[in-house]
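Chemist: Kindly return the folded structure for what I paste below:
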Amino acid sequence: MAFNHLPAGVHDALTPLSVTSVTHSVPMAKNQRPDRPRTEPASGPSPGTVLDRLASAPSRASRITHTEHLPPRAGRHAVWPDRIRSEVVAAVQSAGIDHPWAHQAQAAEHALDGESVVVATGTASGKSLAYLVPVLSTLLDGSEAPNGRGATALYLAPTKALAADQCRSVKELSRPLGTSVRPAVHDGDTPFEEREWIRQYGNYVLTNPDMLHRGILPSHPRWSSFLKALKYVVVDECHTYRGVFGSHVAQVLRRLRRLCARYGSSPVFLLASATAAEPAVAARRLTGLPVVEVADDASPRGELVFALWEPPLTELHGEKGAPVRRTATAETAELLTDLAVQGVRTVAFVRSRRGAELISVIAQERLAEVDRSLARRVAAYRGGYLPEERRALERALHSGELLGLAATTALELGVDVSGLDAVLIAGYPGTRASLWQQAGRAGRSGRGALAVLIARDDPLDTFLVHHPEALFDQPVESTVLDPDNPYVLAPHLCAAAAEVPLTDDDLALFGPACAELLPQLESAKLLRRRTRAWHWTRRERAADLTDIRGEGGRPVQIVEAGTGRLLGTVDDGAAHTAVHEGAVHLHQGRTYLVRSLDLDDSVALVEEASPPYSTVARDTTSIAVLETDTGVPWGQGRLCYGSVEVTNQVVSFLRRRLITGEVLGETKLDLPPRTLRTRAVWWTVTEDQLDEARIPPEILGGALHAAEHASIGMLPLFATCDRRDIGGVSVPLHPDTLLPTVFVYDGHPGGAGFAERAFHTARAWLTATREAIASCECDAGCPSCIQSPKCGNGNDPLHKRGAVRLLTVLLRDAPAPGEPDPATAEPATDPPGPPGP
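Modeler: Numbering: from 1, shown residues only. Model prediction:
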């Protein structure tokens with residue numbers, strides 16, 4: 001649905017500006033070779049021409065709500081610091097790079113000075129070279145040491161694909177240096193026979209935080225010579241370490257620093273980030289060290305044409321007769337097909353594994369109607385594939401064999417896919433940082449590129465495609481993480497104690513929450529204090545206490561019932577929604593139906609099928625207040641932040657017709673509930689406020705429910721979260737507040753910082769929520785404003801106009817700018833709810 005204007009009350013988060021065709025310093029791609037700026041036109045059609053062709057089909061032009069043109073930018077050269085070895089400079093020059101960009105030379109200077117540094121420049125700005133040149137130079141110095149193995153360096157990537165890609169790049173660049181540089185990937189896919197060689201002889205080890213947590217740190221005696229010589233730790237794509245995952249990685253890095261100190265080393269941290277707000281602050285929270293910031297991007301940029309695309313309304317009707325838009329999945333598959341026919345190399349980024357598979361299947365079928373050979377040149381790439389499948393797809397992409405790829409964020413994170421002409425983004429990825437990261441995958445050789453954001457039928461996407469200033473005139477977000485989260489910190493204290501007994505001297509490294517947690521871990525008989533140190537007491541591995549990606553539990557294996565073949569895995573936390581009985585599962589272009597889900601054995605049995613529908617799980621949620629940390633009055637109502645216990649249960653699933661999204665039916669499920677203790681923000685209203693908003697009892701539940709759905713949808717614009725990271729509950733009379741209450745909570749144990757961010761930006765967040773509902777053109781509510789596909793209550797009741805009136809009254813009494821706000825709120829004096837753990 002269309003919106004008419006931007007709300008004046010969104011203040012700093014959404015400053016209303018006129019956007020036509022403006023110039024912005026927007027991030028572009030990573031690992032681009034920093035060659036001289038192109039003066040000749042790139043081969044092939046311009047991105048504007050490609051977009052015109054896409055829009056030339058009947059009724060297509062009206063789907064483009066805005067086009068942003070970012071002109072090319074010239075680069076600024078510098079010279080490498082004179083302390084860089086001449087052999088390394090020569091190797092870089094032999095790769096076609098005569099001079100570094102200014103930010104690369106500046107970062108290298110800080111690294112050589114022994115200062116930890118974060119390079120926060122745009123995609124394709126050459127961040128890899130900025131940290132790789134000082135690392136290679138130091139490794140070359142170390143190789144000439146008379147004794148020992150010489151200097152070593154550790155590289156951390158958030159995905160296996162990125163580590164493998166970086167290893168290829170390092171080997172190619174360092175080939176002229178001979179055996180002085182010995183790069184090797186050490187991850188879960190590395191054969192065991194290679195791991196011993198890597199431990200003994202590898203001096204540039206590329207891995208991921210998961211392997212560092214579970215493999216390297218618990219086995220540190222076997223890595224002692226490597227750790228003793230460790231000079232640099234490279235943390236790539238560090239902006240992705242946010243929320244619970246980022247908090248875990250922060251503690252893993254503290255454990256690494258502690259062991260390095262034990263072996264006599266103090267490595268310098270070199271971090272690479274997409275453009276982000278306050279990158280040095282985020283890097284300091286991640287590493288626990290002072291970090292210098294290099295953020296002035298001196299690299300060149302090709303032209304970028306960025307289109308916002310809204311799929312059309314269909315003749316179908318959804319729940320409660322609501323109008324239904326064509327799905328972003330179907331629209332993206334159609335655009336990917338058209339681009340492949342044009343010979344335009346394209347990646348389509350999709351938020352879900354299922355979406356990536358579905359787009360690939362649809363595009364292959366349509367391409368086969370045009371030319372059967374084209375169908376083989378489109379594929380899906382996602383997590384959950386077996387290692388050999390991932391590697392084969394990566395090789396096909398690098399060789400140019402593939403013309404189109406539907407990918408999840410497994411490919412977003414820095415894999416060098418030079419030569420791409422276009423990027424399709426199926427749904428807003430949750431943060432501006434991710435949006436620009438994905439858009440920067442195209443044009444990575446300095447050529448012009450096309451990026452298209454295809455809106456999903458939900459409040460945030462609809463808002464953004466009609467308010468381009470919210471994307472193009474706003475800085476990218478700050479990275480939110482909380483290393484002191486007790487649910488995160490506790491297992492890492494146990495892991496650290498198992499590595500080397502903890503002493504009082506270690507507590508400052510892990511943060512102030514240690515003093516309170518250690519007695520609790522003693523009481524739980526996980527740690528035992530002997531003389532001056534805490535020791536791990538169990539036989540099992542302490543590192544297995546937690547999954548650092550916050551997923552928890554054993555992954556569920558997806559097994560083909562007839563053959564026993566393992567198709568892949570799904571995280572335990574996602575099993576109830578992804579592989580419940582009756583769910584449609586897609587793998588490598590084939591469709592399967594889940595026959596059974598065995599939660600005890602963590603196995604889902606599937607059989608190949610061809611249903612004409614997809615499935616979407618629905619759940620119900622209840623919530624209890626454990627403790628109110630802080631609260632502020634909003635007129636007679638109140639805005640609060642604190643600890644809650646959430647009980648969630650998947651209760652049914654919808655069958656939706658492919659392409660159109662039409663609901664074909666709903667099937668009940670019998671799955672056990674799950675309990676979560678986390679952090680939440682909530683607001684209450686009084687009877688007087690309800691009277692003023694003209695909310696009678698019969699529509700109160702629908703008004704609260706509608707406001708809850710819309711506020712969940714809008715929060716990713718204000719906190720660096722995905723909609724799947726948060727949940728909500730609305731209650732006409734909550735037993736703990738004794739008032740009508742709306743809750744929005746973090747979907748991770750102990751919280752992830754998102755609800756806290758919502759508390760601190762509540763006025764702007766709820767103002768945008770009200771505007772999203774009020775400006776939607778539908779009559780009674782639709783997926784673009786107040787309906788949620790996950791709602792276990794079948795989106796009933798919902799009352800659109802009641803939600804608008806309710807939020808209007810609530811916001812009128814919210815603290816105005818300059819008045820006391822949640823950021824300065826005093827601790828709550830109202831009595832807490834039931835006691836916490």
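Chemist: alpha carbons only for contacts and neighbour counts from here, please
Modeler: Fine.
Chemist: pLDDT below threshold where in the stretch 451-600 of the chain?
Modeler: 550-553 (pLDDT under 70).
Chemist: Tell me where it has strands.
Modeler: Along the stretch 451-600 of the chain, counting by DSSP state E, counting those that start in this stretch, strands occupy 502-503, 527-530, 533-536, 556-560, 566-570, 584-587, 590-598.
Chemist: Go through these and name the closest to Arg325.
Modeler: Taking C-alpha to C-alpha, strand 584-587 is the member of the strands of the stretch 451-600 of the chain nearest to Arg325, at 22.0 Å.
Chemist: ok, back up a step: can I get the strands of the stretch 451-600 of the chain in a markdown table with mean neighbour count and distance to Arg222?
Modeler: Output for the strands of the stretch 451-600 of the chain, formatted as a markdown table (neighbours: other C-alpha atoms under 10 Å; distance: least, C-alpha to C-alpha, whole Å):
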| stretch | mean neighbour count | distance to Arg222 |
| --- | --- | --- |
| strand 502-503 | 18 | 20 |
| strand 527-530 | 17 | 24 |
| strand 533-536 | 22 | 20 |
| strand 556-560 | 22 | 31 |
| strand 566-570 | 17 | 30 |
| strand 584-587 | 22 | 38 |
| strand 590-598 | 18 | 38 |
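Chemist: Out of these, the one nearest Asp236 is which?
Modeler: Set against Asp236 and scored by C-alpha to C-alpha, these come closest in strand 566-570, at 25.3 Å.
Chemist: Name the strands paired with the closest one and say parallel or antiparallel.
Modeler: strand 556-560 (antiparallel) (DSSP bridges).
Chemist: What is the burial count for Cys791?
Modeler: Residues lying near Cys791 (other C-alpha atoms under 10 Å) number 15.
Chemist: Kindly state the beta-bridge partners for it.
Modeler: Beta-bridge partners for Cys791, by DSSP bridges, are Asp619.
Chemist: That one contacts Asn648, doesn't it?
Modeler: No. Between Cys791 and Asn648 there is no contact, the gap being 11.7 Å when judged by C-alpha atoms under 8 Å.
Chemist: Which neighbours do the two have in common?
Modeler: Jointly contacting Cys791 and Asn648 under the rule C-alpha atoms under 8 Å, 6 or more residues apart in numbering are 619-620.
Chemist: for the strands of the stretch 451-600 of the chain, which one sits closest to Trp634?
Modeler: When those are compared by C-alpha to C-alpha, strand 566-570 sits nearest Trp634, at 42.9 Å.
Chemist: Could you tell me how far that closest one lies from the centre of the chain?
Modeler: Averaging C-alpha positions (C-alpha atoms, centre = their mean, to the nearest Å) puts strand 566-570 22 Å from its chain's average.
Chemist: Contacts for that strand next, please.
Modeler: 384-386, 555-560, 578, 587.
Chemist: Kindly report the same for stretch 291-301.
Modeler: 28, 34, 37, 72-77, 101-103, 106-107, 110, 115-122, 124-126, 275, 279-281, 283-284, 446.
Chemist: Give me the buried subset of these.
Modeler: 28, 34, 37, 72-73, 75-77, 101-103, 106-107, 110, 115-122, 124-126, 275, 279-281, 283-284, 446 (16 or more other C-alpha atoms under 10 Å).
Chemist: of the contacts of strand 566-570, closest to Asp601?
Modeler: Looking at the contacts of strand 566-570 and their distance to Asp601, the nearest is Val556, at 8.2 Å (C-alpha to C-alpha).
Chemist: And that closest one, how far from Leu566?
Modeler: In this view, Val556 and Leu566 are 11 Å apart by C-alpha to C-alpha, to the nearest Å.
Chemist: Now do the same contact list for Glu315.
Modeler: 323-324.
Chemist: if you set the cut-off to 6 Å instead, what comes out?
Modeler: Residues counted as contacts of Glu315 (C-alpha atoms under 6 Å, 6 or more residues apart in numbering): none.
Chemist: In which helix or strand does it reside?
Modeler: Remark: Glu315 resides in strand 313-317, with elements defined by DSSP states H and E.
Chemist: in its sheet, what does that strand sit against?
Modeler: Taking DSSP bridges as the criterion, strand 313-317 forms sheet pairs with strand 323-325 (antiparallel).
Chemist: Helices along the stretch 351-500 of the chain, start to end?
Modeler: For the stretch 351-500 of the chain, the helices defined by DSSP state H, counting those that start in this stretch occupy 353-370, 372-375, 387-399, 409-412, 432-439, 459-466, 469-472, 486-499.
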